[in-house]
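S.K.: Task: produce atomic coordinates for the following.
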Amino acid sequence: MTAQRVRIIEGGKLVIPALMRRELGIATGDTVLVDVEDGELRVRSLSQAVARAQAILRRHVPEGISLAAELIADRRREAERE
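M.R.: Here you go, the predicted structure:
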């Protein structure tokens, strides 16, 4: 998608063009994540942020391993010792 010029309106609000909102999968009332990276403002949907975090974790956790299951098992072992 090509860059578009938009204006910052009163209160520092930025209106994201409809086509870009659709591409990002965000709608009125949704919460998004914004950050500044290399001098640029980045806007991501929560689902995109979660998918990125999962991809990062997947590089360090082999397929078929559930960290949640391992944590639950650890907690159960600790509870049995008490």
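S.K.: What are the phi and psi values at Val6?
M.R.: phi -130, psi 160 (degrees, to the nearest 10).
S.K.: Show me where the chain has its helices.
M.R.: 18-24, 46-58, 67-81 (DSSP state H).
S.K.: taking the mean pLDDT, what do you get for the shortest one?
M.R.: In this model, helix 18-24 has a mean pLDDT of 92.
S.K.: what's the answer for the last one, then?
M.R.: pLDDT averaged over helix 67-81 equals 93, rounded to a whole number.
S.K.: Make CSV from the helices of the chain and add mean neighbour count and distance to Leu33 to it.
M.R.: In this view, the C-beta of every residue, glycine as well, is placed from N, C-alpha and C. Output for these, formatted as CSV (neighbours: other CB atoms under 10 Å; distance: least, CB to CB, whole Å):
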stretch, mean neighbour count, distance to Leu33
helix 18-24, 12, 11
helix 46-58, 11, 5
helix 67-81, 9, 22
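S.K.: Could you export these as JSON lines, including distance to Gly12?
M.R.: Output for these, formatted as JSON lines (distance: least, CB to CB, whole Å):
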{"stretch": "helix 18-24", "distance to Gly12": "18"}
{"stretch": "helix 46-58", "distance to Gly12": "21"}
{"stretch": "helix 67-81", "distance to Gly12": "39"}
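S.K.: Out of those helices, which is closest to Met1?
M.R.: helix 18-24 (6.2 Å; CB to CB).
S.K.: List the contacts of the closest one.
M.R.: Contact with helix 18-24 is made by Met1, Gln4, Ile16, Ala27, Val32, Val43, Arg44, Ser45, Gln48, as judged by CB atoms under 8 Å, 6 or more residues apart in numbering.
S.K.: If we use 6 Å, what do you get?
M.R.: Ser45 (CB atoms under 6 Å, 6 or more residues apart in numbering).
S.K.: CA atoms only for it, dumped as CSV, please.
M.R.: C-alpha atoms of helix 18-24 as CSV (Å, rounded to 0.1, in the frame of the first residue of the first chain):
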residue,chain,number,x,y,z
ALA,A,18,-10.5,3.5,5.7
LEU,A,19,-8.5,1.4,3.3
MET,A,20,-5.6,1.2,5.7
ARG,A,21,-7.9,0.3,8.6
ARG,A,22,-9.4,-2.5,6.6
GLU,A,23,-6.0,-3.8,5.6
LEU,A,24,-5.0,-3.8,9.3
